[in-house]
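Participant: model this:
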Amino acid sequence: MKRLIEIRAYALKPGEAAAFHQLVASTAVPMLRDWGMDVVAFGPSEHDPDAYFLIRAYDNLAKLRAEQEAFYGSEAWLKGPRTPIVSRIESYLRQPVHRFEPMPRARRFRSRSMQRQETLTNADTATRMAARFANRRKLTWLRCRCCGCRFCCPP
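Facilitator: Residues are numbered from 1 along each chain as shown. Next up, the predicted model:
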């Protein structure tokens with residue numbers, strides 16, 4: 001399914017990362033999820049101690065705008081955690097990313113020649129296994145039940 005991804009990168013005030021993460025994890029993200037937003041990931045950045053990210057997914061740009069206007073204009077946000085969260089942000093970058101469809105994992109790193117070779121190998125293996133099964137069945141069927149030879153008892 002194709003989705004629109006919004007990535008927010010926050011530059012936090014120095015020394016505010018731990019308090020910011022606590023507020024976001026305990027109040028903001030549960031509120032966002034209660035409002036029906038798909039929070040894909042959030043957390044402190046690995047490269048900068050005063051950086052933070054939030055990634056959300058939407059069906060399309062219209063849905064993104066509608067959900068964010070409803071949430072950020074609500075009394076629950078305005079009278080709730082908005083002030084303590086926003087006061088810890090120095091600046092932020094908001095980037096909606098085009099719609100994408102993930103590539104199937106099986107086809108990511110295989111060339112066409114490798115895929116062809118695997119297909120042939122799998123077909124050969126299936127053929128060999130079928131032949132083995134048929135031979136085993138014939139041998140079992142043709143062996144005598146009393147002494148184990150192949151010819152004395154009719155099948």
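Participant: can we go C-alpha only for contacts and neighbour counts from here?
Facilitator: Noted.
Participant: tell me the helix or strand right after the helix or strand harbouring residue 65.
Facilitator: The secondary structure element spanning residue 65 is helix 61-72 (assigned by DSSP states H and E). Of the helices and strands lying after helix 61-72 in sequence (DSSP H and E), the nearest is helix 75-78.
Participant: tell me the buried residues in that following helix?
Facilitator: Neighbour counts using 16 or more other Cα atoms under 10 Å place residue 77 of helix 75-78 among the buried residues.
Participant: run through who's touching stretch 67-81.
Facilitator: When contacts are defined by Cα atoms under 8 Å, 6 or more residues apart in numbering, stretch 67-81 is touched by residues 23, 27, 28, 32, 35, 37.
Participant: for those, which one is nearest residue 51?
Facilitator: Minimum distance to residue 51 across these is 14.8 Å, recorded for residue 23 (Cα to Cα).
Participant: are we agreed that the closest one is in a helix?
Facilitator: Yes. Secondary structure assignment places residue 23 in a helix (DSSP: H, G, I helix; E, B strand; the rest coil).
Participant: what's the separation between residue 79 and residue 8?
Facilitator: With the distance defined as Cα to Cα, to the nearest Å, residue 79 ends up 22 Å from residue 8.
Participant: who has more neighbours, the two?
Facilitator: With neighbours defined as other Cα atoms under 10 Å, residue 79 and residue 8 compare such that residue 8 has more, 17 against 9.
Participant: spatially nearest residue to that one, not counting backbone neighbours?
Facilitator: Setting aside the residues directly before and after it, residue 8 is nearest to residue 94 in space (Cα to Cα, 6 or more residues apart in numbering), at 4.5 Å.
Participant: much appreciated, bye for now.
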